[in-house]
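In: Predicted coordinates and the sequence they were generated for:
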Amino acid sequence: MHVYGLVGSPVEHSLSPPMHEAAYEELGVDARYVTLEPDSARLGEAIAGADALGVAGLNVTVPFKQDVLAHVDPSPTAEAVGAVNTIDFGPATPVGYNTDVDGVTRALEHHDVPIDGESAVVVGAGGAGRGAAYALADAGADVHVANRTVERAGALAAEFADLGVSGDGLDSLDERVPTADLLVNATSVGMEEDATPVPAELLHDGLAVLDAVYAPLETRLLRDAAAAGATTVDGAWMLLYQGVEAFERWTAKPAPVDVMNDALRHEL
C-alpha cells in the first residue's frame, strides 16, 4: 500500500483526503491519504522521517510551503515561485513541486478563459498571490499585483521582473480592473464573511474573475462579478486542479477529475 498525505498546521478540516481517497477508489489504487501536523521547529525531521518510512508523496500547506524549500530539491517552477506544495519521494532526493500554479491555469482553462496576451490583476502578494502572479505571467499574461502593503507588492514585482509583473497598492485597482481581462482574488477576504476585496462598480462584462476562496463557494466578489456579466470561477476549481496535478505526478495515472470534483464539492 502507498501512503500519501498532507503536512501543515492546521490540517484537520482539509478537503484533500476525501478528494484523493475518491480517486484511489475509482482507479483501484492501493493507497491511503493521511494528514500530518508536525511541530514547526521540526519540519526537516518530519520530511526526513516521512521519507525514511516510505511515504510516497506529500502535499504541503500553510505555514510550511516556503520553509519546506530547504528540505527538498525544488523544481524550477517551485524555486521561481518560492514555495512548494507537493513533494515526490520517488527520486533519491525528495523533489518539491508547486502545483498551485497548475491549479490557477487549469481552473481558467476549464472555463475557456484565455490567459496568453491578456491583462490580469492579482489581489494579494502572499503565498497564493505569488503562485497566481507567476502562473499567469508565465502563461503570457500582463500581470499587475495589487496589495494592501505597497512595499510587499513592489518586492514581488521586483522578483518577477523578468516576467513583466508590476505591483502597487490597493488603490491601483481603480485604474487597473476596469480595463483588465482577468481578476484573481488571492487574499482571504470573503472567506466565511460577506466582504469583497474589489468594489463592485469596477467589475465589467469583459472580465473573468477567479476567487481563490472556496468557503463559501459563491463569495460576494463572485456574486458581484456575475451581476456585472463577468465570467466567474470559484476557488474549488483551483483546489481541485492542484490536487489533480499532484495525483498524476505521484501515480503516473490520468486523474479521474470528475470523481475528484464530485468528492470535493460534496464536502463543501
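Out: Received the coordinates, thanks.
In: In contact with the nearest residue to residue 233 once chain neighbours are set aside, which residues?
Out: Nearest residue to residue 233, sequence neighbours excluded (C-beta to C-beta, 6 or more residues apart in numbering): residue 210, at 4.3 Å. Any C-beta I mention is one placed from the backbone N, CA and C, and that applies to glycine too. Counting by C-beta atoms under 8 Å, 6 or more residues apart in numbering, residue 210 touches 104, 107-108, 113, 132, 182-185, 233, 235, 237-238.
In: Kindly recompute the last result at 7 Å.
Out: Applying C-beta atoms under 7 Å, 6 or more residues apart in numbering, we find residue 210 in contact with 107, 108, 184, 233.
In: roughly how far apart are it and residue 228?
Out: Counting by C-beta to C-beta, to the nearest Å, the separation of residue 210 from residue 228 is 15 Å.
In: Double-check residue 61 against residue 9; I have them as touching.
Out: No - counting by C-beta atoms under 7 Å, residue 61 does not reach residue 9; the two are 8.4 Å apart.
In: Which of the two has more residues huddled nearby?
Out: The residue with more neighbours, out of residue 61 and residue 9, is residue 61; 19 against 15, by other C-beta atoms under 10 Å.
In: for that one, phi and psi?
Out: phi -130, psi -180 (degrees, to the nearest 10).
In: where does the closest residue to it other than its chain neighbours land on pLDDT?
Out: Spatial nearest neighbour of residue 61, excluding adjacent residues (C-beta to C-beta, 6+ apart): residue 8 at 3.5 Å. Per-residue pLDDT puts residue 8 at 95.
In: Against residue 107, how distant is residue 8?
Out: In terms of C-beta to C-beta, residue 8 sits 21 Å off from residue 107.
In: Pick out whichever of these two has more residues nearby.
Out: Each of residue 8 and residue 107 has its neighbours counted (other C-beta under 10 Å); residue 107 has more, 24 against 20.
In: Look at that one and give its secondary structure.
Out: Three-state assignment for residue 107 (DSSP: H, G, I helix; E, B strand; the rest coil): helix.
In: domain assignment for the protein?
Out: For the chain, automatic domain parsing gives the domain ranges 2-98+237-267, 101-233.
In: which residues touch stretch 256-263?
Out: By C-beta under 7 Å, 6+ apart, stretch 256-263 touches 18, 19, 22, 23, 26, 27, 240, 243, 244.
In: are any of these buried, and which?
Out: 19, 22, 23, 240, 243, 244 (16 or more other C-beta atoms under 10 Å).
In: So which residues of this structure form strands?
Out: 2-7, 31-36, 57-60, 73-74, 86-88, 95-97, 119-123, 142-147, 166-169, 182-185, 208-211, 231-233 (DSSP state E).
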